[in-house]
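Asks: everything below, folded, please.
(one chain, ligands or ions: 1)
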Amino acid sequence: MISEILPFWSKYWHYILITVATYVYVMWKSGKMKSDLQDYDNEMEREIPSEEAEKCASNEEEPALPKDLQHIPYKYQRPSEAEMRKKANEFFEIANARRTLRFFSSDPVPKDVIREIIRAAGTAPSGAHTEPWIFVVISDPATKTQIREIVENEEEINYRKRMGKKWTIDLQPLKTNSMKPYLTTAPYLILVFKQTYGILPNGTRKIHYYNEMSVSIACGILISAIQYAGLVTLTSTPLNCGPALRLLLGRPNNEKLALLLPVGYPAEDATVPALERKPLSDILVEID
Ligand code: IYR
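Replies: You can find the predicted model right below:
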């Protein structure tokens, strides 16, 4: 038997080898494609965790928005090109003047200004118009003190061990540390929470598509509105503080802290790092 196979092997070994190698390659490639597709699926799943999606949608046949939603004419007045250029440049100048501030004045700011700024943030587009955001505005000194305590305690651990050596070295030129006096000095703290799902009046869950992206856009509008109104802020994302702050403020567990922004006037002696922004040529690719 073996004597029959051996001559066959020695005569045709290269064909056999090519066949096996091709088979292995095809199997590997199809497996890779499958895992690429799975990555894509996972990406989608991150937006709608499957177990969340199952708990959602009380009535799968009913859309979340009214079935007979009217579509109305869009009111629009086209500006001249000159006007457009002027406006685009004016907005750039406003946006470019924005800086992240760490030194705040305690001077009071009218509350209605803060409300109007939040009204602007609430105009952000959102997945299927789910508006998955909630803005908690704090001016109460005792609550600000509690927030500062939570943040400074966590930040102390963050800087000491969670962030790691490279991260803390990268931050050294910005002169940040775990002490956050601005959390009690600034007249307002705005905490932006993203609702990872909604809760319908009957207690079932409503899917909040792209809630991360929707809230990020709202935060962009929020910081632009703060700047436009003539105030300053710091876009802080206190690591590991989300759950404690959520509980302190009595927010439900479908809400996750996205951003914590002290808002007010800059301190008289406020400084900012002398940073340069990338020129347009470094951030723009034009394909005409
Ligand atoms: N959250 C910390 C650390 C920090 C992280 C980054 I990335 C910064 O750009 C700045 C600070 C803090 O607020 O100090």
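
Asks: could you list the low-pLDDT ranges of the stretch 51-200 of the chain?
Replies: Counting by pLDDT under 70, the low-confidence segments of the stretch 51-200 of the chain come to 51-59.

Asks: check this protein for the residue nearest the ligand and tell me.
Replies: With CB to the nearest ligand atom as the measure, Thr176 is the residue of the chain nearest to the ligand, at 4.0 Å. Bear in mind the C-beta positions are built from the backbone N, C-alpha and C, glycine included.

Asks: got the buried residues for whichever strand or helix holds Met213?
Replies: Under DSSP states H and E, the secondary-structure element containing Met213 is helix 211-229. Of the residues in helix 211-229, those with enough neighbours to count as buried (16 or more other CB atoms under 10 Å) are 211-215, 217-219, 221-227.

Asks: same question for stretch 125-137.
Replies: Neighbour-count burial for stretch 125-137 flags 126-127, 130-137 (criterion: 16+ other CB under 10 Å).

Asks: got a pLDDT number for the residue most central in space within the chain?
Replies: To find the centre residue of the chain, average its C-alpha atoms and take the closest one (CA atoms, centre = their mean): that gives Ser216, at 4.1 Å. Per-residue confidence at Ser216 stands at 98 (pLDDT).

Asks: next: Val20.
Replies: Per-residue confidence at Val20 stands at 76 (pLDDT).

Asks: repeat that for Leu275.
Replies: 98.

Asks: and for Asn42?
Replies: For Asn42, the model assigns a pLDDT of 40.

Asks: what residues does the stretch 101-250 of the chain put near the ligand?
Replies: Along the stretch 101-250 of the chain, the residues adjacent to the ligand under the rule CB under 6 Å from any ligand atom are 155, 171, 174, 176, 236, 238-239.

Asks: mind checking which of these are buried?
Replies: The neighbour-count test (16+ other CB under 10 Å) marks 155, 176, 236, 238 as buried among those.

Asks: still on that earlier bit, elements contacting the helix holding Met213?
Replies: Applying 3 or more CB pairs under 8 Å, 6 or more residues apart in numbering; DSSP states H and E, one finds that helix 211-229 contacts helix 81-97, helix 111-121, strand 133-138, strand 188-195, strand 232-233, strand 255-264.

Asks: again, only this time at 6 Å
Replies: In this structure, helix 211-229 packs against helix 111-121, strand 188-195, strand 255-264, with contacts taken as 3 or more CB pairs under 6 Å, 6 or more residues apart in numbering; DSSP states H and E.

Asks: report the rounded mean pLDDT for the last one.
Replies: Average pLDDT, strand 255-264: 98.

Asks: swap in stretch 230-249?
Replies: Model confidence over stretch 230-249, given as mean pLDDT, is 97.

Asks: buried sites along that stretch?
Replies: Using 16+ other CB under 10 Å, the residues of stretch 230-249 that count as buried are 231-236, 238, 241-242, 244-246, 248-249.

Asks: isn't Val215 up against Gln195?
Replies: No: using CB atoms under 6 Å, Val215 and Gln195 do not qualify as a contacting pair, with a distance of 8.4 Å.

Asks: list the buried ones in stretch 160-173?
Replies: Neighbour counts using 16+ other CB under 10 Å place Met163 of stretch 160-173 among the buried residues.
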